[in-house]
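Undergrad: Output the structure for:
(chains A and B)
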Amino acid sequence: MSYVPHTTEELRAMLARIGASTPESLLESVPASLRNRAELKLAPALDERALLRHFAAFAAENGTALTGPSFLGAGAHHHFIPAAVDALASRGEFMTAYTPYQAEISQGTLQMIFEFQTLLCQLTGLEVANASLYDGASALAEAALMAARVTRRTRICVSAGLHPHWREVLRTYTEGVGLVLETLPLDDSGRTDTAKLPADCAAVVVQSPNFRGSIEALGVAAGAAHAVGALAIAATAEALSLALLRSPGELGCDIACGDAQSFGLPLSFGGPYLGFLAAREKLVRQLPGRLIGETLDSSGQRAFVMTLTTREQHIRREKATSNICTNQGLCALRVTIWLALLGRAGIRRLAEINLALSAYARRACARAGLALPYAAPVFNEFVVAVPGLAGKLERLAAQGIQAGVPLARFEPETHADHLLVCTTEMNTRAEIDALVRGLAA
Amino acid sequence: MSTAGRSGLVFHEPLLFESSRPGRPGVRVDDPDVPLVDPVRELGPELVRDDIPDFPELAELDVVRHFTRLSQWNYGIDSGFFPLGSCTMKYNPKVNESIARLPGLAAVHPASDESRLQGVLALAAELEAALAEISGLDRVTLQPAAGAQGEFVGVRMISAYHRARGDTQRTRVLIPDTAHGTNPASAALNGLEVIEVKSGPDGIVHPEALAALADERTAALMLTNPNTLGLFESHVEKLAEVIHGAGGLVYLDGANMNALLGIAKPGHMGVDVMHFNLHKTFSTPHGGGGPGSGPVAVRNSLAPYLPTPVIRLEGGRYRLDDEFPHSIGRVHAWYGNAGIWLRALAYIRTLGAAGLSEVSTRAILNANYVLECLRDVYDVPHQRRVMHECVLTDRRQNEHGVTTADIAKRLMDYGYHPPTIYFPLVVAGALMIEPTECESQETLDGFIEAMRAIAHEAESEPSRVTGAPERPIVRRLDEVRAARKPRLRWSRESA
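TA: Prediction:
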């Protein structure tokens, strides 16, 4: 079974037309010395029933956000996905379409991405957003590279509250072109201290809410960045917070980036997610990745098209703003559908519910005698200090509860008893009560 | 027979923002069973925004109709034949979608304890082993989120390899003039200099041309094989010898692996590192531009530099190991586009060894058949036997004022997605056709008939071709206008 349709009769007729005896005889340009002498050593082929059994067996070995209460966050969030998202995003006309280079037969994808770009501008409070990048981590890396191009400087000042994995990706992406990363410490409340910035700084990178859950003072960071001629980059790993918190644009940031996984993308072991990147209008020619713009067709109707492509690798090659070719098209579609379904009132309400649950959980922790080491306000994620954490996590796991992410797994130098807990609208009061009982026991 | 047709009704559909009505309720979200808090009191007024004016307010049915209507303006593989060169638009099996949606895979949190990840890590390891076998290389990472990120990773590892040997003067990457634009861009993102290698008049790279450029400054050759003309780089072993002799490494852009499955292994051609495009060769959906997935395979000599983490099997348990000192570091927040690479594994498991070989031999058969049936009406720039794709040009149609772009647009009227056009850059007016293995002679004949009809129209009625397309929902677009005064979002002021 290889999804090839040819009948024996067709094969014979086609070979005759080409003037070849067998399909293999068409391989004459591949030197015999390079041809495989044996069949590939792969597991036997499976038909559809056997294939589903194979994958279902492995899937059953995983613990998931559905097999019990989960308080895992750390840049991947378990949120509600209305059934209409899957139903619409599964349409073959979207799923099996190509990059919309041929605009006349790609208006569905193009209008959708134009809507996506608009929604991201509204959420971030900035004027331009691209058609998406791989994930939040690489979107941040692209933002830093962009800031370095704009300022012609090489020093990137990065908050210690940035997701540790994002920090690593930022380093991998910027090392080769000679950028230098410098760390801005967190103060006792869990917020970034931007008071002392080097004068040659290209960008200040602050994640909000940060990896400790603290909502940052983005306005302060932006002011400090601008005072030394640097750009302010706001990152977010929890895009739902944008529905409730003052936007990076409103607070003076030049670039906003992050991951929009929370908007309708399943956890799916970390991908595919969606990196977004928005910026001030004047930076548009330094943006990496695809952009969709409005235009007219030859009969004067409104239509949409990929534009400003002279920034991109297929035109500019080594002089492009990035090497990226794809965007996360299907993920952008899911995000656009999700945001449209929830709408103006729905995303606000969902964000308020997340806030209410974390407020309830934090108070319950405090009442149970657990310390909350950071005083800064939080959205839906917070750190709690749990004496004897490892044993308690195991006991909770035995009850089917994923209690959160131990910070020491990401940052070995932090306190061994600090647990990062995330509460979303998928959690109930009873689940939180059980969590707190287990952590305090 | 042409498959051009009409659908039941194609609707006009405004933007989400234009259909929005204040107060129209969307999807219902009930209050939680904990007390709501006042955000301003909880967080302080300096942190809380007003709700977002002009954010869409639509009923669920409005949204369903909106996206259903937009989908009808698209053309996908599910709609019809898609002969897009170097993009491998093959059938995306529906069962792979079912697999990616299994709750035991789709609801796996990436920061779960490893004891809860054993199933998905086992599947990842299974795919890594399969790709190693297909490539003839030793180790594979699934982390790169797309081909271009795979290229970045590969070149980054090559730089790390040279640096570890104290070979710090290797700052040049040699790239043939037929390469995809991502190759030079990925080299530049690594801070390396790009040197173009001219292909010969026969469309392939010759060892002498390469030898003249390879020296102690050479970090790598980035080669696409078969190249973007659909031609196998027959001198590949010799090219690798030249590069290795100069102390460099050979990178293979695996975009065209659909020609080589089970036929030849890059590892046997002297390739040291390569990427796969799972959304091309291994049938995962293009999704209107992504997400892709770009695993990288390497020889053992490059394994110390793989991005962290790598999957290891120890004592019968899988774990994600991120403690190895020479790694180039992470390139993705987690372990790549799992939902995509799981679909690719499903494809490989469906086909098995014999099925994969059949993919490539049938893809090559289809490309040669299309070329044979069109060579008397379209100019063929290279006379060598092609692999999985072929390149034609508009040279003969130019005499009547018809260009490649016109031919492409006219194909839409006949019911087909156009080929890749004006690429590779070394061929003027290129039309690059990759039929894939998934199409029958009958489908190919329909396309061939359309291409022949357009060639005839170019002579008899050129305005019909230059005025195309007539049938899609919009006519030819004014791209200059879009770029001159960019409108990249809707706003109330501009509406």
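
Undergrad: Can you give me every residue that contacts B:Lys336?
TA: Careful, residue B:336 is Gly and not Lys. A:270-271, B:141-145, B:293, B:295 (C-beta atoms under 8 Å, 6 or more residues apart in numbering or on different chains). In this view, the C-beta of every residue, glycine as well, is placed from N, C-alpha and C.

Undergrad: Could you look up the SS state of it?
TA: Here B:Gly336 is recorded as coil under DSSP: H, G, I helix; E, B strand; the rest coil.

Undergrad: got it, and the one 3 residues further on?
TA: What three-state DSSP gives for B:Gly339 is helix.

Undergrad: now B:Pro45
TA: Under three-state DSSP, B:Pro45 comes out as coil.

Undergrad: residues touching B:Thr228, list them.
TA: Per C-beta under 8 Å, 6+ apart, neighbours of B:Thr228: B:85-86, B:178-180, B:255-256, B:423-424, B:432.

Undergrad: Kindly tell me how buried the closest residue in space to it that isn't next to it in sequence is, as a neighbour count.
TA: Closest residue in space to B:Thr228, ignoring its immediate chain neighbours: B:Pro424 at 4.2 Å, by C-beta to C-beta, 6 or more residues apart in numbering or on different chains. Look at B:Pro424: counted by other C-beta atoms under 10 Å in any protein chain shown, it has 23 neighbours.

Undergrad: Point out where chain B drops to low pLDDT.
TA: Scanning chain B for pLDDT under 70 picks out B:1-7.

Undergrad: Show the residue spans covered by the strands in it.
TA: For chain B, applying DSSP state E gives strands covering B:139-141, B:172-176, B:193-197, B:218-224, B:249-254, B:273-276, B:296-298, B:310-314, B:317-321, B:390-393, B:420-421, B:430-433.

Undergrad: Nearest to B:Val108, out of those strands?
TA: Closest to B:Val108 of the strands of chain B is strand B:317-321 (C-beta to C-beta; 12.9 Å).

Undergrad: Okay, helices next: where are they in the stretch 351-495 of chain B?
TA: B:395-398, B:404-413, B:441-460, B:462-466, B:479-484 (DSSP state H, counting those that start in this stretch).

Undergrad: Give the buried residues for the third one.
TA: For helix B:441-460, a neighbour-count test (16 or more other C-beta atoms under 10 Å in any protein chain shown) marks B:441, B:443-448, B:450-451, B:454-455, B:457-458 as buried.

Undergrad: Any figure for the gap between A:Phe269 and B:His109?
TA: 8 Å (C-beta to C-beta, to the nearest Å).

Undergrad: ok, now A:Pro288?
TA: Distance from A:Pro288 to B:His109, by C-beta to C-beta: 29 Å.

Undergrad: And for A:Gly343?
TA: On the measure of C-beta to C-beta, A:Gly343 and B:His109 end up 27 Å apart.

Undergrad: swap in A:Leu72?
TA: 4 Å.

Undergrad: one step back: would you list the helices of the stretch 351-495 of chain B in JSON lines and tack on distance to chain A?
TA: Formatted as JSON lines, the helices of the stretch 351-495 of chain B follow (distance: least, C-beta to the nearest C-beta, whole Å):
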{"stretch": "helix B:395-398", "distance to chain A": "19"}
{"stretch": "helix B:404-413", "distance to chain A": "5"}
{"stretch": "helix B:441-460", "distance to chain A": "4"}
{"stretch": "helix B:462-466", "distance to chain A": "11"}
{"stretch": "helix B:479-484", "distance to chain A": "4"}
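
Undergrad: Format those as a markdown table; extra columns: distance to A:Leu15.
TA: What follows is these, written out as a markdown table (distance: least, C-beta to C-beta, whole Å):
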| stretch | distance to A:Leu15 |
| --- | --- |
| helix B:395-398 | 27 |
| helix B:404-413 | 26 |
| helix B:441-460 | 11 |
| helix B:462-466 | 32 |
| helix B:479-484 | 42 |
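
Undergrad: list residues touching both of A:Leu72 and B:His109?
TA: A:65, A:78, A:402.

Undergrad: tell me the least confident of those?
TA: Of all those, A:Ala65 carries the smallest pLDDT score, 87.

Undergrad: Could you report the separation of that one from A:Ala76?
TA: 9 Å.

Undergrad: For these two, list the residues in contact with both.
TA: Joint contacts of A:Ala65 and A:Ala76 (C-beta under 8 Å, 6+ apart) are A:267, B:109.

Undergrad: Run through the residues that contact B:Cys337.
TA: For the record, residue B:337 is Asn, not Cys. Taking C-beta under 8 Å, 6+ apart, one finds A:134, A:271-272, B:145-146, B:291-293 in contact with B:Asn337.

Undergrad: of all those residues, which comes closest to B:Glu18?
TA: Closest to B:Glu18, out of all of the contacts of B:Asn337 and judged by C-beta to C-beta, is B:Pro291, at 28.8 Å.

Undergrad: Give me the buried subset of the contacts of B:Thr228.
TA: Here, 16+ other C-beta under 10 Å leaves B:85-86, B:178-180, B:255-256, B:423-424, B:432 buried among those.

Undergrad: Give the residue spans of the stretch 51-200 of chain A that score low on pLDDT.
TA: Checking the stretch 51-200 of chain A against pLDDT under 70 turns up nothing.

Undergrad: now the strands for it?
TA: For the stretch 51-200 of chain A, the strands defined by DSSP state E, counting those that start in this stretch occupy A:128-129, A:155-159, A:180-184.
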